[in-house]
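S.K.: Turn this into a structure:
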Amino acid sequence: DVEVSVYSSPYNRPQRSEDEIPWLEQEQSGGDYGPPGSQALRRETVRTDETGRAEFSFQPPDSPQDVEYRFEARVTDASRRMALGQARALVSRRASYADLSAGGKVLRVGETLNVKVHVTDAYGNPQGAKGNLTLTRTETKETWLDPDGNRVEGEALRKAKAPYAKFPPPPKRNDGKQWVRIAQRFEEVKVQQQEITAGSSGEATAAFPLGAEGPYALRWSDSLGNAGTQAEQLSILVVGTETEPLRLSAGAFQIILSKPVVRAGERVRALIISPIRRSNVLVGLDGGGLHGFHVARMKGDAAVVDVEAVTKDSPCAYLSADMVSGFKLLSTSQKVTVPAMHRALKVKLDADRQEYLPRQKGTWRVTTLDAGGAPVAAEVALGVADESVYAIQKDYAKDPRATFLTWQRSQLAITTSALDRAYIKPPPKV
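M.R.: Just a heads-up that it's a prediction; the model follows:
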């Protein structure tokens, strides 16, 4: 007898990783309990025939959203060992999905946004399809009242802000009147739309020139006009010399990484956001050593910096930024993952035949390669087991690279200052 159980849960399609390093972040499994929010729908006992097979049918109920159904079959043998088999089925409202990657979310004005599109079905299998990529930019519209009570907006407001490092400036009039913001709204402007055709491999590319700074969004929609999910869009920050349209500072000193994973030899790109316009910020990378330190001179409230990651920065480094404002030291940092690809071996296993009879000897050829594909000497442990054993218990061992190549180092560089000490006094106000 086989006990069959059916569970359902809402299906939220995960976003495909741009890095495609499977061992870097191994997917967390829900175990026998399934994904969070799973609900038991049906439990039934069926009997197998003389061939060891049994049929089970299930009609999914109507649902306004995508649903994942998980099927479990449990059987107990004569020694009271329980074997478990699992399968899943997805009921989706859409025939295809698209994964978008751009190699980073921080770009400069004048650069080109190169997008890779990977179209799949609900199970992740490549699929040919047509769709549209729409690029939009969010513009911030503000209206202020000057100390005389006049409404100021648009180009006049931009010119009024230009002389000040921080806006609004302190009141200068005897009556205490100052600049007051009375309205703020955000408008999404369509920049460009391209029709995309993906072949049988599901792959396609597109290029969008970026001529203005601001926050952008790139969205996918299929040929029927169905808009993509949250996982099927990209958010891009485009920065120029003046970053007023971004409206990112909000009084915070922070770092926004273009992408959290960078390979050795690539440049770590980041957006440094300062609470004060026209600031000087010391930027550098703290990994296998201190390197790449330089001063970023901002003309607006943000700047894009690039620091090259080196092999000794593996498996992680810290991009740090320091600045002085009002006789106070401001510091911030972000961790950057630098996979130790140079230490990751590739193991290839080839058998001398496809099938073996009981007690028949077999020969396997083991090939070990380095990250560049060149042969390398290594110690290899080879085990052979009956596949039916894994129906009783899965292998506890995980990819060893995820254990030995992803340890996290602590941030070693510490910035201190004597500006806040008692014997350092700020200059008198004039």
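S.K.: how much space between V106 and I256?
M.R.: 7 Å (Cβ to Cβ, to the nearest Å). Where you see a C-beta, it was placed from the backbone N, CA and C, and this is true even at glycine.
S.K.: which neighbours do those two share?
M.R.: L237, A270, L271 (Cβ atoms under 8 Å, 6 or more residues apart in numbering).
S.K.: and K346, what pLDDT?
M.R.: Turning to K346, the model gives it a pLDDT of 88.
S.K.: T406 too?
M.R.: 81.
S.K.: hang on, it in a helix?
M.R.: No - using DSSP: H, G, I helix; E, B strand; the rest coil, the secondary structure at T406 is coil, not a helix.
S.K.: what sits against it?
M.R.: W23, L24, P315, P339.
S.K.: Out of those, which two sit at the greatest distance?
M.R.: The distance between the two most remote of the contacts of T406 (Cβ to Cβ) is 11.6 Å, for W23 and P315.
S.K.: Can you pull the residues that touch both of the two?
M.R.: Shared contacts of W23 and P315 (Cβ under 8 Å, 6+ apart): L405, T406.
S.K.: who's in contact with the nearest residue to L145 once chain neighbours are set aside?
M.R.: Of all residues not flanking L145 in the chain, V180 sits nearest, at 4.8 Å (Cβ to Cβ, 6 or more residues apart in numbering). By Cβ under 8 Å, 6+ apart, the contact set of V180 is W144, L145, P168.
S.K.: ok, the residues you listed vs Q193, which is closest?
M.R.: Q193 lies nearest to W144 out of those, by Cβ to Cβ, at 34.0 Å.
S.K.: Distance-wise, check that closest one relative to G211.
M.R.: 27 Å.
S.K.: same thing with R42?
M.R.: Applying Cβ to Cβ to R42 and G211 gives a distance of 57 Å.
S.K.: again with V239
M.R.: V239 is 13 Å from G211, where distance means Cβ to Cβ.
S.K.: ditto for A374
M.R.: Noted for A374: a distance of 44 Å to G211, by Cβ to Cβ.
S.K.: ok, these two, which is more surrounded?
M.R.: Neighbour totals were compared for A374 and G211, and G211 leads with 11 against 7 (other Cβ atoms under 10 Å).
S.K.: For that one, which non-adjacent residue is spatially closest?
M.R.: Of all residues not flanking G211 in the chain, V109 sits nearest, at 6.8 Å (Cβ to Cβ, 6+ apart).
S.K.: who touches that neighbour in this structure?
M.R.: By Cβ under 8 Å, 6+ apart, the residues touching V109 are L210, G211, A212, E213, V238, V239, G240.
S.K.: give me phi/psi at it?
M.R.: Backbone torsions for V109, taken as degrees, to the nearest 10, come to phi -60, psi 130.
S.K.: Surely M82 and R74 touch.
M.R.: Yes - using Cβ atoms under 8 Å, M82 is in contact with R74, at 5.9 Å.
S.K.: And the two? Which one has more around it.
M.R.: Per other Cβ under 10 Å, whichever of M82 and R74 has more neighbours is R74, with 16 against 12.
S.K.: Does the more buried one belong to a helix, a strand or coil?
M.R.: Assignment for R74 (three-state DSSP): strand.
S.K.: Quick check: the residue nearest to L145 vs W144, distance?
M.R.: Plainly put, V180 is 7 Å away from W144 if you go by Cβ to Cβ.
S.K.: do the same with V152
M.R.: To W144, V152 is 5 Å away according to Cβ to Cβ.
S.K.: Find the residues that touch each one of V180 and W144.
M.R.: With Cβ under 8 Å, 6+ apart, V180 and W144 have common neighbours P168.
S.K.: Would you mind giving the contacts of V180 as TSV with pLDDT, secondary structure and neighbour count added?
M.R.: Below are the contacts of V180 laid out as TSV (pLDDT from 0 to 100; DSSP: H, G, I helix; E, B strand; the rest coil; neighbours: other Cβ atoms under 10 Å):
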residue	pLDDT	secondary structure	neighbour count
W144	92	strand	20
L145	92	strand	16
P168	84	coil	15
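S.K.: still on that earlier bit, shared neighbours of V152 and W144, anything?
M.R.: Residues touching both V152 and W144 (Cβ under 8 Å, 6+ apart): A160.
S.K.: Need the single longest helix in this structure, by residues.
M.R.: Using DSSP state H, we find that the single longest helix of the chain is helix 154-161.
S.K.: before we move on, back to that, list just the nearest of the shared contacts of V106 and I256 to V295.
M.R.: Comparing the shared contacts of V106 and I256 against V295 with Cβ to Cβ places A270 closest, at 14.9 Å.
S.K.: all helices of the chain, in order?
M.R.: 154-161, 400-404.
S.K.: Now the shortest one: buried residues?
M.R.: The neighbour-count check on helix 400-404 (16 or more other Cβ atoms under 10 Å) flags R401 as buried.
S.K.: Tell me which of the helices of the chain lies nearest to Q65.
M.R.: Between Q65 and those, the shortest separation by Cβ to Cβ is 32.8 Å, and it involves helix 400-404.
S.K.: and that closest one, how far from the chain's centre?
M.R.: 21 Å (Cα atoms, centre = their mean, to the nearest Å).
S.K.: and if you look at stretch 170-180?
M.R.: On the basis of Cα atoms, centre = their mean, stretch 170-180 sits 45 Å off its chain's mean C-alpha point.
S.K.: next one: stretch 144-161
M.R.: Going by Cα atoms, centre = their mean, where stretch 144-161 is centred and where its chain is centred differ by 39 Å.
S.K.: gap between E308 and K105?
M.R.: For E308, the distance to K105 equals 19 Å [Cβ to Cβ].
S.K.: what bridges to Q233?
M.R.: Bridge pairing for Q233 (DSSP bridges) gives the partners R219.
S.K.: how many neighbours does it have?
M.R.: For Q233, using other Cβ under 10 Å, the count is 18.
S.K.: pLDDT score assigned to it?
M.R.: So, for Q233, pLDDT stands at 85.
S.K.: what do you get for R267?
M.R.: 91.
S.K.: Next, work out how far apart the closest residue to it other than its chain neighbours and K312 are.
M.R.: Closest residue to R267 apart from its sequence neighbours, by Cβ to Cβ, 6+ apart: D306 at 4.4 Å. Counting by Cβ to Cβ, the gap from D306 to K312 is 18 Å.
S.K.: before we move on, what about I21?
M.R.: 19 Å.
S.K.: now R409
M.R.: Using Cβ to Cβ, R409 is found at 11 Å from K312.
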